[in-house]
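> build the 3D model from these lines:
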Amino acid sequence: MSYPVPETLEEEEELRVQEAHREGIEECPQKYERAGVTHLVHAWIQQGHINGLLYPSRDMSRTSRGYLAVSNYYLETEATAKEVRDRFEASFPAYFWMYSQAFEAGVVNTLDPGPFLGRALVWKMQVKVHQDGLDEGPAATFPCGYYSGGYLYIPQLGLKLSYRPGDLAIFMAGHLYHAVDEWVPAAVPSGAGVTPGRVSSVFFFPKHSFSILKNKPRFWNMRTLTDSLFKSKSPSAV
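Numbers count the residues shown, from 1 in each chain. Predicted coordinates:
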């Protein structure tokens, strides 16, 4: 007997129970929660195809239901995204205007107010020392959730910063190594509707995407498929 591919965590749990019953396995009372990173990027290259088209990330349009969920996410986070945008403009005005123009050229889902072309949702993961070398310039990031610990370290500058839920950091993540101190889940107030742990949102602009989209008109990537439409074929391709 075959089972459909699950599209949601609820469907996956139901499928797991069905398979356990089929195999005669008793259901385990212990529950596990996923951890990982979701990338919502309007336009970037496929891995290993540096000269190819700029595509939306797979997490943007994995399924029809997923596309609706992403659109809902942009609607629900619009006010927060605009607060991040305003503070980014005040902190890095030159980058703000460059990002804004390139964002307009590459945006796919116009519910996103920009100007960052991508967002990464880091769900319940520890963040070790790293440098986001594929980012163009400043990134904006903030955590949320119920946890203790989680200071922000920028070792090149000798900084240890408070990084509590709602604290916003805007810095050159592609040039500065950074890490988040180990965090542990904390008690969740009754009725909060979430599980314990730390979740962070990272707003960024991929370097390669920026190099292609800068100085292009609005909706350029959607109108031209990264400049691949309306070009005559070479004699060797005919």
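
> contact partners of stretch 118-129?
For stretch 118-129, the surrounding residues in contact (C-beta atoms under 8 Å, 6 or more residues apart in numbering) are 33-42, 44, 57, 153, 155, 177-180, 182-183, 197-206. Heads up, the C-betas are built off the backbone N, CA and C, glycines and all.

> residue 141 - how many residues pack around it?
Residues contacting residue 141 under the criterion other C-beta atoms under 10 Å number 25.

> correction: residue 42
Neighbours of residue 42 (other C-beta under 10 Å): 27.

> host element of the closest residue to it other than its chain neighbours?
Excluding its sequence neighbours, the residue lying closest to residue 42 (C-beta to C-beta, 6 or more residues apart in numbering) is residue 108, at 4.5 Å. Counting by DSSP states H and E, no helix or strand carries residue 108.

> surely residue 108 touches residue 43?
Yes. When contacts are counted by C-beta atoms under 8 Å, residue 108 is listed as touching residue 43 (6.8 Å).

> between the two, who's got more neighbours?
residue 43 (28 against 20).

> so who does the more buried one touch?
54-56, 106-108, 117, 209, 213, 221, 226.

> tell me which of the residues you listed has the lowest pLDDT.
Among these, residue 226 has the lowest pLDDT, at 90.

> next helix or strand past the longest strand seen in the chain?
Using DSSP state E to define each element, the chain has its longest strand at strand 139-149. Downstream of strand 139-149, the first helix or strand assigned by DSSP H and E is strand 152-154.
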